[in-house]
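J.: give me coordinates for this.
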Amino acid sequence: KSTKAKSISFDGSSPMIKKHQLKELERALCYGINAGFLLNFRTSETTYYVKLEDLKTFISSTDKKSINVKEVKEIGIEIPTQKLKVNYRYDLSVFVK
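T.: The predicted structure is shown next:
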């Protein structure tokens, strides 16, 4: 997920992370897949990987409808990002370790 905003919504009228996405990623866990989200905040040019379990724990423990950069930084793994002309290049070696 990529956004110019400072937070990513998971509840409300038009969430960025939809309930069916969480449900299908949870199903993928049964097959041994490392399920989660790559969250790219374009204004700060930072990208984080957040495991599905950690995101679900955050969602269940809060009354908020979104997660901001600071909270993502606490529960996620920062992925080194290089901005190209149009797209981004991610160094996934950090993610794989």
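
J.: okay, CA-based contacts and neighbour counts for the rest of this
T.: OK.

J.: mind listing what's buried along the strand or helix carrying V72?
T.: Using DSSP states H and E, V72 sits in helix 69-75. Buried residues in helix 69-75, counted by 16 or more other Cα atoms under 10 Å: 69, 72, 75.

J.: check stretch 15-29 too.
T.: For stretch 15-29, by 16+ other Cα under 10 Å, it's 16, 22, 25-26.

J.: of the residues you listed, closest to A5?
T.: For the buried residues of stretch 15-29, the minimum distance to A5 (Cα to Cα) is 11.1 Å, reached by M16.

J.: give me the pLDDT for M16.
T.: Looking at M16, its pLDDT is 95.

J.: isn't it right up against S9?
T.: Yes. With contact defined as Cα atoms under 8 Å, M16 reaches S9; the gap is 5.3 Å.

J.: identify the residues contacting stretch 32-48?
T.: Identification of contacts with stretch 32-48 by Cα atoms under 8 Å, 6 or more residues apart in numbering yields 1-6, 25-26, 28-29, 49-53, 69, 72-73, 76-81, 83.

J.: hmm, which of those are the buried ones?
T.: Using 16+ other Cα under 10 Å, the buried ones in the contacts of stretch 32-48 are 25-26, 49-52, 69, 72, 76-81.

J.: from those, which ones fall inside helices?
T.: 25-26, 52, 69, 72 (DSSP state H).

J.: quick one: the strands in the protein?
T.: Listed in chain order, the strands of the chain (DSSP state E) span 2-3, 7-9, 36-41, 46-51, 66-68, 77-79, 81-83, 88-90.

J.: could these go into CSV alongside distance to S60?
T.: Formatted as CSV, these follow (distance: least, Cα to Cα, whole Å):
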stretch, distance to S60
strand 2-3, 23
strand 7-9, 14
strand 36-41, 16
strand 46-51, 14
strand 66-68, 12
strand 77-79, 20
strand 81-83, 29
strand 88-90, 30
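
J.: how about those in JSON lines, adding mean pLDDT?
T.: Below are the strands of the chain laid out as JSON lines (pLDDT from 0 to 100):
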{"stretch": "strand 2-3", "mean pLDDT": "92"}
{"stretch": "strand 7-9", "mean pLDDT": "95"}
{"stretch": "strand 36-41", "mean pLDDT": "94"}
{"stretch": "strand 46-51", "mean pLDDT": "94"}
{"stretch": "strand 66-68", "mean pLDDT": "95"}
{"stretch": "strand 77-79", "mean pLDDT": "92"}
{"stretch": "strand 81-83", "mean pLDDT": "80"}
{"stretch": "strand 88-90", "mean pLDDT": "78"}
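
J.: fine by me, thanks again.
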